[in-house]
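J.: What follows is a predicted structure for the sequence shown.
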Amino acid sequence: VYRTSSGNGIRLDGGNASAGTTISPYYDSLMVKIISHGRTFNDAVNKALRCLKETRIKGVKTNIGFIMNVLNHEDFRNGNCDTNFIGKTPELLTAGKKGDKELKLLKFLGEKVVNETKGVKPKFDVPRVPTGYNVPSNLSGTKQYLDQHGPEKLAKWVLEQKKLLLTDTTMRDAQQSLMATRVRTIDMEKIAPAVALHGKDLFSLEMWGGATFDSCLRYLDEDPWDRLRFIRSKVKNTKLQMLLRGQNILGYKHYSDDTVRAFVRKSVENGIDIIRIFDALNDPRNLKTAINATKKEGGHVQAAFSYTTGPVYTMEYYSEYAKRLEDMGADSICIKDMAGLLLPYTTYDLVKALKETVKVPIQLHTHYTAGLASMTLMKAVEAGVDVIDTAISPMSQGTSQPPTEAMVAALQGTEYDTGLDLAAF
């Protein structure tokens with residue numbers, strides 16, 4: 001273990017030490033030199049002591065205990081030391097044993113959890129949710145329209161709708177934004193029938209991609225493919241949507257073209273209908289393979305651009321990029337405002353510009369991080385956006401999306417009325 005401290009008034013001149021390093025016992029075995037400064041000598045001494053106490057070095061003997069004895073000694077603090085100080089004060093060489101606070105904490109928690117929990121331990125695997133939702137076998141929704149008519153006719157159908165269409169992000173981006181994607185498949189199991197019944201008129205249900213793979217494999221001990229197949233089996237009438245990081249797929253590095261193609265193929269085979277494809281740098285080269293693969297498999301390509309601000313990011317920039325995505329085969333375009341930077345009137349101008357440039361539907365995805373998202377969506381609606389992303393109210397706002405219920409209620413009785421049953425939510 002090798003962990004140094006730091007802080008105000010502390011400078012560290014470190015050697016090449018790290019966890020696993022072999023420290024020579026011979027000449028100049030210095031691992032790190034601590035230099036402290038303060039308004040007074042005592043301030044500097046106290047800062048040095050604090051830094052030493054917070055330093056953790058295990059597996060090799062150090063002189064930390066000796067230095068702390070020196071710093072704590074009254075003669076040192078009063079400046080009464082000479083060259084024979086250590087010789088006259090042998091107790092400085094007797095260092096007390098330093099406790100391992102981290103190990104003590106782990107032992108305490110283990111004792112509490114394992115040995116002191118008596119009786120039947122509570123079960124947290126069965127979420128408490130309403131029951132009694134019976135989904136008719138012949139229930140039809142937007143999924144059936146896609147299957148019958150294909151992605152291109154679906155895009156035309158969207159453009160013909162005067163009402164506003166909604167994508168629900170509760171099962172993916174909403175819980176990813178608020179809960180680090182820790183909602184388990186078993187938690188989704190009980191609500192799937194209600195989602196199928198009341199979500200049949202949603203444009204789509206975003207429930208896969210993004211960080212779901214990372215979280216399922218690293219933290220939840222789940223198979224993400226099982227999650228996709230399960231939700232597909234329960235929600236048969238609403239289009240399922242995923243987020244794909246272009247050439248990065250769902251990871252954090254570039255993958256080969258054949259890997260991207262295989263992943264897209266398996267995603268569609270297992271139930272995905274719409275793939276929202278983006279690149280963080282808005283480089284179309286990183287979208288090309290995924291777009292072509294999705295088109296080949298019969299999926300709906302929703303190509304997205306990442307919205308940001310700066311001198312080069314003008315309306316012309318986004319319009320030209322959206323046109324390029326359309327030419328590459330996009331069935332719809334998504335404005336991906338992942339940081340919640342869009343301002344309401346900027347959004348109005350952006351949507352207007354895009355609608356004048358491309359002939360495919362425009363969808364807006366934003367976050368409530370800056371507190372502007374609902375106003376941003378309203379101005380987008382007024383400008384003619386076709387679809388917006390929302391989340392059910394308990395999983396909305398904060399760093400998530402605006403609440404579905406609020407948007408449905410706000411547009412009731414207007415020309416943009418979503419037609420969704422507010423009581424169902």
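T.: Sure thing, it's come through.
J.: Next up, the contacts around the residue lying closest to D273 once chain neighbours are set aside.
T.: Of all residues not flanking D273 in the chain, K239 sits nearest, at 4.0 Å (C-beta to C-beta, 6 or more residues apart in numbering). C-beta here means a position set from N, CA and C on the backbone, and glycine is covered the same way. Taking C-beta atoms under 8 Å, 6 or more residues apart in numbering as the contact definition, K239 lies against G141, T142, K143, L146, F203, S204, L205, D273, I274, H300.
J.: Next, work out how far apart K239 and Y307 are.
T.: 24 Å (C-beta to C-beta, to the nearest Å).
J.: can you give me phi and psi for I274?
T.: phi -120, psi 130 (degrees, to the nearest 10).
J.: returning to that earlier point: quick check: phi and psi at the residue nearest to D273.
T.: phi -70, psi 130.
J.: Name the residues of stretch 238-246 that come out as buried.
T.: Residues of stretch 238-246 classed as buried by neighbour count (16 or more other C-beta atoms under 10 Å): T238, K239, L240, Q241, M242, L243, L244, R245, G246.
J.: Put together TSV for those, with distance to T185 on each row.
T.: Shown next, in TSV, are these (distance: C-beta to C-beta, whole Å):
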residue	distance to T185
T238	17
K239	20
L240	14
Q241	17
M242	15
L243	18
L244	20
R245	22
G246	26
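J.: Check the burial of L71 by counting its neighbours.
T.: Neighbourhood size, L71 [other C-beta atoms under 10 Å]: 16.
J.: Can you verify it is assigned to a helix?
T.: Yes: L71 forms part of a helix when assessed by DSSP: H, G, I helix; E, B strand; the rest coil.
J.: Contacts only, for it.
T.: V45, A48, L49, L52, R77.
J.: Narrow the residues you listed to just the buried residues.
T.: V45, A48, L52.
J.: Out of those residues, flag the one nearest to A196.
T.: L52 (61.1 Å; C-beta to C-beta).
J.: What is the nearest of the contacts of L71 to K234?
T.: The closest of the contacts of L71, once distances to K234 are taken by C-beta to C-beta, is L52, at 58.3 Å.
J.: What's the mean pLDDT across the strand or helix carrying that closest one?
T.: Counting by DSSP states H and E, the element that carries L52 is helix 41-54. Mean pLDDT, computed over helix 41-54, is 92.
J.: which SS class is the nearest residue in space to M395 that is not next to it in sequence?
T.: Closest residue in space to M395, ignoring its immediate chain neighbours: A174 at 4.1 Å, by C-beta to C-beta, 6+ apart. Judged by three-state DSSP, the three-state class of A174 is helix.
J.: give me every residue that touches A174.
T.: A391, I392, M395, S396, S400, Q401.
J.: which one among those gets closest to L422?
T.: I392 (11.9 Å).
J.: what's the neighbour count on the closest one?
T.: Using other C-beta under 10 Å, I392 has 20 other residues around it.
J.: Please report how far the closest residue to it other than its chain neighbours lies from L372.
T.: Spatial nearest neighbour of I392, chain neighbours left out: T170 (4.9 Å); criterion: C-beta to C-beta, 6+ apart. Separation of T170 from L372 (C-beta to C-beta) stands at 21 Å.
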